[in-house]
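1. Requesting a structural model of the entry that follows:
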Amino acid sequence: SSSSNSNGKRRVLDLAVGTAHNLAFYPRDSSVYLVDCSPGMLERARAKAAATAADNSTAELHFVEAFLEQLPFEDGFFDEVYSLDVFCSVQDTEQAMREVRRVCRPGARVMFVEHMRTGDCSKDSVLWVLTAVLYPLLGASMTRDTLSVISRHFTVQACTKLGHSFKYIEGVR
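-> Sure thing, here's the model as predicted:
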């Protein structure tokens, strides 16, 4: 059973939303909080949402500037969380994941699409080289053990390889 806010809509948190690639996928009749630490990215997300408003008429959108390590929401506020290619570039993954757990209600669904080590030596060697180049430039590490971080904070129900180093992880608080 989902909790809901005062207007009866399911509350969804989209982490590090960037330019809002997930707009078409939000649940109908939901209240979605699009979080990013970059004001520029949030502005692009707002513009994209305005341009596609007719397609998302049943989702109520809230744009929030915040770092994932300090989310400005009450405990147990969200019913669902989406994280698409986020935890490779979060400064403190443990603190961010603690915050995500804190703002989820018990039973909340969490969905992550993240790239991480594959367990295949040849593929992981390429990831280590890419990380050596990308981390100083972008702060992105493709070699983190993100699945273990997620598993410490949520009950993982499914983990599916998507290709390259990406995995889809679904869990529950």
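
2. now for stretch 149-160, what's the gap between its first and last residues?
-> Chord length of stretch 149-160, first to last residue, is 16 Å (Cα to Cα, to the nearest Å).

3. mind listing what's buried in that stretch?
-> Buried residues in stretch 149-160, counted by 16 or more other Cβ atoms under 10 Å: Val149, Ile150, His153, Phe154, Val156. C-beta here means a position set from N, CA and C on the backbone, and glycine is covered the same way.

4. What of stretch 24-37?
-> Tyr26, Ser30, Ser31, Val32, Tyr33, Leu34, Val35, Asp36.

5. Wait, the second one touches Lys9, no?
-> Yes. The criterion here is Cβ atoms under 8 Å, and Ser30 meets it with Lys9 at 5.4 Å.

6. Overlap in contacts, those two.
-> Glu60 (Cβ atoms under 8 Å, 6 or more residues apart in numbering).

7. Figure out how far the lowest-mean-pLDDT helix or strand in the chain is from the centre of its chain.
-> In the chain, no helix or strand scores lower on mean pLDDT, DSSP states H and E than helix 121-138, which sits at a mean of 73. Computed by Cα atoms, centre = their mean, to the nearest Å, the chain-centroid distance of helix 121-138 equals 22 Å.
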